[in-house]
Every structure is written in structure tokens, then in C-alpha cells.
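Asker: Sequence and predicted structure, then a few things I'm wondering about:
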Amino acid sequence: MTESFDRHGRIKCGTIATPVFDASLADYRDVLGLELLEQGQVAADLAASWGAPGVAGARTALLRPTSGNGCYYRLVEVSPTPDYRPARSYGWVAYEITVEDVFALHERLKDSGFTIIGPPKLVEGFSNFIPMQAIGRGGEIVYLNQVLKSMSDLDLPMAGSGVDTIFIAILAASDIKASLAFQVEELGFAEGGTYNIPYSVINNAFGLPADNRTTITMTKVDRLPVAEIDLYPAGTITRPRPDGGLPPGNAVLSFNIDDLDKVTAPFLSPPARRDGPLYAGRRVATVLGPDGEIFELIETGKGV
């Protein structure tokens with residue numbers, strides 16, 4: 001199963017920077033039902049590779065869905081960022097996750113450390129999944145979607161466990177064309193569909209009318225969804241980020257990439273082989289997108 005999972009463009013891991021590490025770990029393990037694989041400290045060279053030397057030595061934990069499908073979740077302990085407000089700044093704004101039963105999960109989240117910002121409901125123009133949105137204790141946003149069927153141009157994964165794969169990365173962009181060009185031309189992804197929808201997460205965050213519409217563009221690899229690029233409204237700010245630290249909340253997206261030598265974006269540090277369940281001895285390097293979002297790239301197509 002892992003071999004078929006590790007293909008170009010697939011999201012391998014979502015990293016969450018949280019100032020309440022123990023509580024966040026309990027939420028992801030006990031409320032979402034993820035399996036805790038390992039705990040430790042962030043290695044200095046790994047922190048430097050993210051452009052965040054200040055998190056060297058910080059507590060970290062790696063979890064995965066009980067399906068063991070090849071996707072991971074990583075928590076990193078950080079200091080609070082007082083000026084950070086979820087869904088109000090550019091960068092990685094949410095992880096879109098497939099779940100088995102969104103209504104049962106909704107009941108579980110009601111008395112947990114997650115704050116529900118969008119209860120389960122169908123979205124105009126999309127009959128393929130039932131979404132729910134929540135904010136975790138670290139200020140991260142998770143879209144918890146029960147997939148019903150694939151789309152005409154994209155394959156949406158059915159959940160193999162209660163809370164399963166991160167299958168789309170949500171990016172708050174200042175310029176859709178620049179973000180799209182970066183992912184297509186420098187990382188080797190492809191352009192997908194463009195939609196214009198009433199987006200409750202954005203409208204609620206900015207106090208906009210419920211019928212205000214947002215333009216979103218997908219990137220993909222063949223029929224595999226990669227990212228959703230959302231054009232964020234006026235008033236969006238650059239993500240506040242501690243000097244030498246990680247962005248708060250949704251901090252790092254790790255993607256499988258077939259060949260690091262084909263990546264034209266500059267690496268923050270030279271590619272290095274890394275061990276452990278997430279990296280499995282593969283070469284890894286990090287690049288920054290147009291809005292400072294962190295792409296950690298794990299090479300799967302050569303030298304494994």
C-alpha cells in the first residue's frame with residue numbers, strides 16, 4: 001500500500017506548529033484517533049532545512065492514520081504567536097483530510113479541543129463530499145471531509161480509517177497566477193479546475209456576506225489532487241512568524257516528488273537523506289512558495 005501511495009505530488013505529511021504541545025498531541029491521538037509512532041526533538045539540521053533554526057530541540061511527535069496508508073501528521077512545539085489569527089493570513093491555511101463518518105466525528109469534536117467553524121453540510125457545486133471545518137488548539141485548520149465519490153477530473157480518496165489521508169493542501173494566496181506558476185513550473189504539478197464559490201471559512205473569518213464568492217484553482221498530478229489555491233480578500237496579512245521559527249498553525253506541507261534534480265526553485269539547504277518512518281532514507285529538501293509557504297519535498301523516484 002505504501003508503494004502506491006508514494007507517488008509524485010502526493011501529500012506525505014502535514015506539520016502543525018502548536019504552543020500547547022501536550023494538549024494537541026492528546027487531541028490528534030485520542031480525539032481524531034491517529035496512531036502515535038514516535039516522539040523526540042527536532043534535529044538541528046532538519047530545523048535549518050525548514051528555514052527555522054529556532055525550533056531545533058523543540059518537542060515533536062509523528063502520528064499516522066490507523067490504516068497505515070503512508071500519510072503522516074507531525075506536531076512541533078513552538079512559542080505562542082500573539083498576532084496570529086487562523087484564516088486571516090497568507091500561506092498554508094488548512095489540511096483537507098478524508099474521514100469515514102463526518103457526522104459521528106462532528107459529535108466527537110463538540111466537547112474536544114477542536115473548535116468547529118463549519119458543521120457538516122454539502123457545498124454548492126460539490127456533491128462529491130460532505131465537509132466539516134474545525135480549528136485545533138495550535139490555530140491550525142482542518143477540513144474533515146467524508147468523500148462520497150470522485151470528481152470528473154480528480155480522484156478523491158475514500159477513508160481507510162476514521163480519520164485518514166491529507167489529500168489536498170489549502171493555500172491562501174495573494175496572487176493565484178503566481179502560486180499556480182510556482183507549483184506547475186518549478187515543482188512539476190499540473191493545473192486543475194478553477195471554481196468560484198461562496199466560501200464560508202473565508203467569509204466568516206473576514207466578516208463578509210455569506211454569498212460573497214471566492215475564486216479557487218486546483219493543482220494536480222494526473223487525477224491526483226495536490227493543492228487548492230484560494231485567492232484571499234483584501235485585509236489578508238503576511239503570516240506572523242517568529243524570527244527563526246515556524247509559521248504558527250498549518251506550518252509545513254511535505255510532498256512526494258519524483259526527482260529533486262528537476263525542481264527549479266532554490267532549496268533552503270542542500271538535499272539530505274533522512275531516516276525514520278516519514279523519510280525512509282530518501283533525499284529531502286525544502287523550498288518556499290510565493291507567499292512564504294513551506295514545501296518540504298521528499299524524493300521518491302530515485303536513489304531509494
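Answerer: Happy to help now that I have it.
Asker: where's E96 relative to F5, distance?
Answerer: As judged by CB to CB, to the nearest Å, E96 and F5 stand 16 Å apart. Every C-beta, even on glycine, is put in place using the N, C-alpha and C of the backbone.
Asker: go on, T219?
Answerer: From T219 over to F5 (counting by CB to CB), the distance is 19 Å.
Asker: And R283, by the same measure?
Answerer: 18 Å.
Asker: quick revisit: which one's more surrounded, T219 and F5?
Answerer: Neighbour count, other CB atoms under 10 Å: between T219 and F5, T219 has more, with 24 against 17.
Asker: Look at R108 and give its secondary structure.
Answerer: Classification of R108 using DSSP: H, G, I helix; E, B strand; the rest coil returns helix.
Asker: who touches it in this structure?
Answerer: V31 (CB atoms under 8 Å, 6 or more residues apart in numbering).
Asker: Roughly how far does it sit from G136?
Answerer: R108 is 14 Å from G136, by CB to CB.
Asker: Also V284?
Answerer: Applying CB to CB to V284 and G136 gives a distance of 25 Å.
Asker: which of the two has more neighbours?
Answerer: A direct count of neighbours by other CB under 10 Å for V284 and G136 places G136 higher, at 26 against 22.
Asker: Leaving out chain neighbours, which residue sits closest to the more buried one?
Answerer: Computed as CB to CB, 6 or more residues apart in numbering, the closest residue to G136 that is not its neighbour in sequence is F114, at 5.6 Å.
Asker: Need the pLDDT of that neighbour.
Answerer: On pLDDT, F114 comes in at 97.
Asker: Equivalent analysis for the one 4 residues further on, please.
Answerer: As summarised for this prediction, G118 has a pLDDT of 92.
Asker: Residues in a beta bridge with the spatially closest residue to it that is not a sequence neighbour, which ones?
Answerer: With CB to CB, 6+ apart as the criterion, G118 has its nearest non-adjacent residue at 3.5 Å, and that residue is Q133. Q133 forms beta bridges with G118, Y143, as assigned by DSSP bridges.
Asker: show me the contacts for Q133.
Answerer: Residues in contact with Q133 (CB under 8 Å, 6+ apart) are A94, I116, I117, G118, I141, V142, Y143, L144, S200, V201.
Asker: residue boundaries of the helices in the stretch 151-300 of the chain?
Answerer: Remark: helices assigned in the stretch 151-300 of the chain by DSSP state H, counting those that start in this stretch are 176-181, 200-206.
Asker: Including mean pLDDT, could these go into CSV?
Answerer: Shown next, in CSV, are those (pLDDT from 0 to 100):
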stretch, mean pLDDT
helix 176-181, 97
helix 200-206, 94
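Asker: Kindly list the main-chain dihedrals of the closest residue to S127 other than its chain neighbours?
Answerer: In space, and not counting its chain neighbours, S127 is closest to L148: 7.2 Å by CB to CB, 6+ apart. Backbone torsions for L148, taken as degrees, to the nearest 10, come to phi -100, psi -40.
Asker: residues contacting L148?
Answerer: L148 touches S127, N128, F129, I130, counting by CB under 8 Å, 6+ apart.
Asker: closest to E100 out of the helices of the stretch 151-300 of the chain?
Answerer: helix 200-206 (22.3 Å; CB to CB).
Asker: And the closest one, what does it pack against?
Answerer: strand 115-118 (3 or more CB pairs under 8 Å, 6 or more residues apart in numbering; DSSP states H and E).
Asker: packing partners for the strand it packs on?
Answerer: Strand 115-118 sits against strand 133-135, helix 200-206, with contacts defined as 3+ CB pairs under 8 Å, 6+ apart.
Asker: Dump those to CSV, plus distance to S161.
Answerer: Converted to CSV, the helices and strands packed on strand 115-118 look like this (distance: least, CB to CB, whole Å):
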stretch, distance to S161
strand 133-135, 18
helix 200-206, 25
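Asker: if you compare these, which one is most tucked away?
Answerer: Here the criterion is mean neighbour count by mean count of other CB atoms under 10 Å, and of the helices and strands packed on strand 115-118 the winner is strand 133-135, at a mean of 21.
Asker: Let's test this: mean pLDDT of that one, rounded?
Answerer: Mean pLDDT, strand 133-135: 97.
Asker: With stretch 18-36 instead?
Answerer: Rounded mean pLDDT across stretch 18-36 is 98.
Asker: List the buried residues for it?
Answerer: 18-21, 24-25, 27-29, 31-34 (16 or more other CB atoms under 10 Å).
Asker: Tell me which of these fall in strands.
Answerer: The strands, defined by DSSP state E, take in T18 from the buried residues of stretch 18-36.
Asker: Closest to A251 out of the buried residues of stretch 18-36?
Answerer: Minimum distance to A251 across those is 9.1 Å, recorded for T18 (CB to CB).
Asker: Excluding residues flanking it in the chain, which one is nearest the closest one?
Answerer: Closest to T18 by CB to CB, 6+ apart is G138, at 2.9 Å.
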